[in-house]
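A.B. asks: just need the structure, nothing else, for what follows:
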Amino acid sequence: MKRPNAPTISSPSKGENRYRLTIAYDGTSFHGFARNPDVDTVEGILIEAIAKVLGDTPMLTCAGRTDAGVHAKAQVVSFDSAPFNIAKMQKALNGLCAPSVVVSSIEKTSNDFNARFSAKSRTYRYQVLNQVDPDPFLARYSWHIRVPISIEKMNQAGQQLTGEHDFSSFCRKRTVEIEGQQILASLLREVKSLRWEVADRNLLELWITANAFCHQMVRSITGTLVDIGIGKINESSITEILNARDRNIAGQVAPPHGLTLWNVSY
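C.D. replies: Residues are numbered from 1 along each chain as shown. The predicted structure is shown next:
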C-alpha cells in the first residue's frame, strides 16, 4: 500500500551527515519513547546523552513511537550531525544510557533516509503467560492470564485481520491538520502477517507485521484475540468487529508490558 501524500524528506545541512541508530530498551520505567520534559522517556535520555557527547542537541526521528511500558529490541532512530567517530560514539552512549537503553549499532546512512518514512514494515511481538501461577522472571515482559486460552481460535480469528483494512475498531482516533483544517487521520493499514505461536510450554507469542500501526493497534488486536481465545468473544465476530469501525465493540486493550517492537524493515 502506498502512503498517500508522502512527505518530502529533507537532506542534512551542509557539513553534516545522516546517522542511523538501532536501539533496544526495557520500557518498564519509561513513559514511552516520545520526549516529555516532565517524565523519563527513551527519546529524552537518548537526546540528553547525544548532546552530552557532541555538544549539540539533535532532532531525532524514530520508527514507532512506543507507549509507556512498551519495550523494543531493534527500534531505528535517525538524526543529522557533524561527522563523528562511530565506535567512540556508541561506546559513550552506552556508557550513559545502559542498561535501560542500549545502542546496538550506529551507521552513516544516505541523505534521503528517514527512520519513520523510509520504513516498509514494523514487526511487534506480544507475550502471554498462560498458566495458573505467575512467573517473576516474565512479569515485566508478559501478560499473565490464568484461564486456559485456545491458540487455535486466536489464530483462526487473526487471519481475518490480515490484508489492507480500516482498523478504526482497534485504534484511537486522532486528528491531523491539513491546510488549516483538523480532519480525522486515516486508520487504513496493511497487516502483512499475524500468527500466534507457543514459545514455551505456557508462553504464547503473537507476531504481527504491518506497513505501519496506529495508536494502540497491536494491544487492541491482542486483547480482542485473547478475549476470543478464552471464549469471551465468539471467534466468528472478528469480521463484524473489524467492519464496524467502532472501538467500543472490540475487546479489551492488552497491557503494555507484554509488547515489544521487534524489528523495522527498510
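
A.B. asks: how's this structure carved up into domains?
C.D. replies: 17-109, 121-265 (automatic domain parsing).

A.B. asks: what mean pLDDT does the first one get?
C.D. replies: On average, the pLDDT along domain 17-109 is 96.

A.B. asks: quick thing: my sequence starts at 294, can you match it?
C.D. replies: Sure thing, new numbering starts at 294, so read that last one as domain 310-402.

A.B. asks: what about that domain, start to end distance?
C.D. replies: 8 Å (CA to CA, to the nearest Å).

A.B. asks: mind listing the strands for the chain?
C.D. replies: Ranges of strands in the chain, per DSSP state E, are 310-318, 354-355, 364-374, 394-402, 414-423, 436-438, 456-459, 468-471, 474-477, 481-493, 496-503, 552-558.

A.B. asks: a markdown table for those strands, including distance to Lys384?
C.D. replies: For glycine as for every other residue, the C-beta is placed from the backbone atoms N, C-alpha and C. Output for these, formatted as a markdown table (distance: least, CB to CB, whole Å):
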| stretch | distance to Lys384 |
| --- | --- |
| strand 310-318 | 13 |
| strand 354-355 | 22 |
| strand 364-374 | 16 |
| strand 394-402 | 9 |
| strand 414-423 | 28 |
| strand 436-438 | 36 |
| strand 456-459 | 43 |
| strand 468-471 | 40 |
| strand 474-477 | 45 |
| strand 481-493 | 33 |
| strand 496-503 | 32 |
| strand 552-558 | 24 |
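
A.B. asks: export the ones you listed as a markdown table, with columns for mean neighbour count and distance to Gly516.
C.D. replies: Below are the strands of the chain laid out as a markdown table (neighbours: other CB atoms under 10 Å; distance: least, CB to CB, whole Å):
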| stretch | mean neighbour count | distance to Gly516 |
| --- | --- | --- |
| strand 310-318 | 21 | 23 |
| strand 354-355 | 22 | 25 |
| strand 364-374 | 22 | 18 |
| strand 394-402 | 16 | 27 |
| strand 414-423 | 22 | 10 |
| strand 436-438 | 19 | 9 |
| strand 456-459 | 14 | 17 |
| strand 468-471 | 10 | 24 |
| strand 474-477 | 10 | 23 |
| strand 481-493 | 16 | 14 |
| strand 496-503 | 21 | 11 |
| strand 552-558 | 21 | 11 |
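
A.B. asks: can you check which of the ones you listed gets nearest to Ala380?
C.D. replies: Nearest to Ala380, of all the strands of the chain, is strand 394-402, at 8.5 Å by CB to CB.

A.B. asks: list the strands paired with that closest one, with their directions.
C.D. replies: Using DSSP bridges, the strands paired with strand 394-402 are strand 310-318 (antiparallel).

A.B. asks: ok, now how distant is the nearest residue to Thr402 once chain neighbours are set aside from Val395?
C.D. replies: With CB to CB, 6 or more residues apart in numbering as the criterion, Thr402 has its nearest non-adjacent residue at 4.3 Å, and that residue is Arg313. According to CB to CB, to the nearest Å, Arg313 stands 16 Å off from Val395.

A.B. asks: quick revisit: for Met447, which of the strands of the chain is the nearest?
C.D. replies: Between Met447 and the strands of the chain, the tightest spacing by CB to CB is seen for strand 481-493, at 5.0 Å.

A.B. asks: let me know the angle separating that closest one from strand 496-503.
C.D. replies: 160 degrees (axes from the mean of the first three to the mean of the last three CA atoms, to 10 degrees).

A.B. asks: and strand 481-493 with strand 552-558, angle?
C.D. replies: Using the same axes, to 10 degrees: strand 481-493 against strand 552-558 is 120 degrees.

A.B. asks: picking that back up, these two touch, right, the residue nearest to Thr402 and Phe406?
C.D. replies: Yes: here Arg313 reaches Phe406: they are 6.3 Å apart, a contact under CB atoms under 8 Å.

A.B. asks: please enumerate the shared neighbours of these two.
C.D. replies: The contact sets of Arg313 and Phe406 overlap at Ser371 (CB atoms under 8 Å, 6 or more residues apart in numbering).

A.B. asks: follow-up on the earlier one: can I get the domains of the chain in TSV including distance to Ser304?
C.D. replies: Below are those laid out as TSV (distance: least, CB to CB, whole Å):
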stretch	distance to Ser304
domain 310-402	8
domain 414-558	22
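
A.B. asks: good, we can wrap up now.
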